[in-house]
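Peer 1: For reference, the sequence and a predicted model appear below.
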Amino acid sequence: MRVNADQRRSGCPISCSLDLLGDKWSLLIVRDMVFGRKRYFKEFLASPEGIATNILTDRLKRLEDCGIISKLLDPENKRQIVYTLTEKGIALIPVLVELLCWGATYDSASNFDLDKVRQIQQDTRSRQRFLRELEKRCTSPS
């Protein structure tokens, strides 16, 4: 679903991004695709946040409509649909990494390795290597 220019709250790029991704579930679906290598509807349902099937269906459709994911018939099982990130979706990886680092640093409930976060934040080479690995895993068949 594209949000038309006349439906936007403003022309601010952050506001425009939130119009597409600012709901409770969309970035978590992309997160699952990037970090969890999830590609199937049932895999997304198994995420710890407990998304309802109707919400998941709606968010997958919205992400597809705005060009962040694509869906295809699974070549190994034509009765299943496989979801993959598009180039536009892959471009969200650095945003997710920044959110991961911020959440791990400032939320005590986070369970991510703080040493890894510090390494990503302080070492440019480690950060670039981490981003390349994530991008590669999203563009390579699993």
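Peer 2: Thanks, I have the structure now.

Peer 1: So which elements touch the helix or strand harbouring S15?
Peer 2: Per DSSP states H and E: S15 is located in helix 13-21. Other helices and strands packing on helix 13-21, by 3 or more C-beta pairs under 8 Å, 6 or more residues apart in numbering; DSSP states H and E, are helix 26-35. All C-beta atoms are positioned from the backbone trio N, CA, C, and that covers glycine.

Peer 1: and the longest strand for the chain?
Peer 2: strand 77-85 (DSSP state E).

Peer 1: Pull out the buried residues from that strand.
Peer 2: Buried residues in strand 77-85, counting neighbours by 16 or more other C-beta atoms under 10 Å, are found at V82, Y83, L85.

Peer 1: now the last one: how far from L56?
Peer 2: Using C-beta to C-beta, to the nearest Å, L85 is found at 16 Å from L56.

Peer 1: could you point out which element follows the longest strand of the chain?
Peer 2: Taking DSSP H and E, what comes next after strand 77-85 is helix 87-90.

Peer 1: which parts of that following helix are buried?
Peer 2: G89, I90.

Peer 1: what angle sits between the longest helix anywhere in the chain and helix 26-35?
Peer 2: When the chain is parsed with DSSP state H, its longest helix is helix 124-139. Helix 124-139 and helix 26-35 are oriented at 100 degrees to each other (axes from the mean of the first three to the mean of the last three C-alpha atoms, to 10 degrees).

Peer 1: can you list contacts of the least confident helix or strand in the chain by mean pLDDT?
Peer 2: Taking mean pLDDT, DSSP states H and E as the measure, the helix or strand of the chain with the lowest value is helix 114-122, at a mean of 85. Applying C-beta atoms under 8 Å, 6 or more residues apart in numbering, the external contacts of helix 114-122 come out as V97, L100, C101, A104, T105, S126, R127, F130.
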